[in-house]
Each structure stands twice: as structure tokens, then as C-alpha cells.
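Q: Pasting the sequence and the predicted model now:
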Amino acid sequence: MKRLVLGLGLAAAFAYGVRKLFATPQPQPWEETDNDPEDLSADLARRAREAEDAQAAAEETRLT
């Protein structure tokens, strides 16, 4: 029984080490999120303009 528990523990440690070694680094919460309302509204407005421009370009190529 001790060998089984020891084997499972070693296998789990090995799997954790391999995952940690080959995994891409996860972003830290303070690097990933920015909840500034001014930035969010500017970003949403920029995305909306880009989407409208892309849609207009698609319609323009479809009509010609």
C-alpha cells in the first residue's frame, strides 16, 4: 500500500513538473484586466467603427 501511495505521489509530482515546464505562462490578473470605464468605452467605440468599416467595405465590393 505504501508503494502504491508513493508511486501515485511521484507520478503526480512528475506530471505537475512536466505541465509546469511546457505550459505557456499564464497572465497575472493585474496584467490582463483593465476596468477603467474610459478605456473600455474608447475600445468599444474603436471596435464598432472597425466593424462598420469592414461591413461597408464588404457591401461595397458586393455591389461592384
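A: Looks like it came in fine.
Q: Helices of the chain, residue ranges please.
A: 2-22, 29-32, 37-63 (DSSP state H).
Q: can you tell me the average pLDDT over the shortest one?
A: In this model, helix 29-32 has an average pLDDT of 61.
Q: do the same with the longest one
A: In this model, helix 37-63 has a mean pLDDT of 81.
Q: Mean neighbour count added to the helices of the chain, as a markdown table?
A: Just so you know, the C-beta spots here come from the backbone N, C-alpha and C atoms, and that holds for glycine as well. Converted to a markdown table, these look like this (neighbours: other Cβ atoms under 10 Å):
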| stretch | mean neighbour count |
| --- | --- |
| helix 2-22 | 9 |
| helix 29-32 | 8 |
| helix 37-63 | 10 |
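Q: So what does Thr24 have for phi and psi?
A: phi -80, psi 150 (degrees, to the nearest 10).
Q: Tell me how many other residues surround it.
A: Using other Cβ atoms under 10 Å, Thr24 has 5 neighbouring residues.
Q: what's the pLDDT at it?
A: On the pLDDT scale, Thr24 gets 79.
Q: That concludes my questions; thank you for your assistance.
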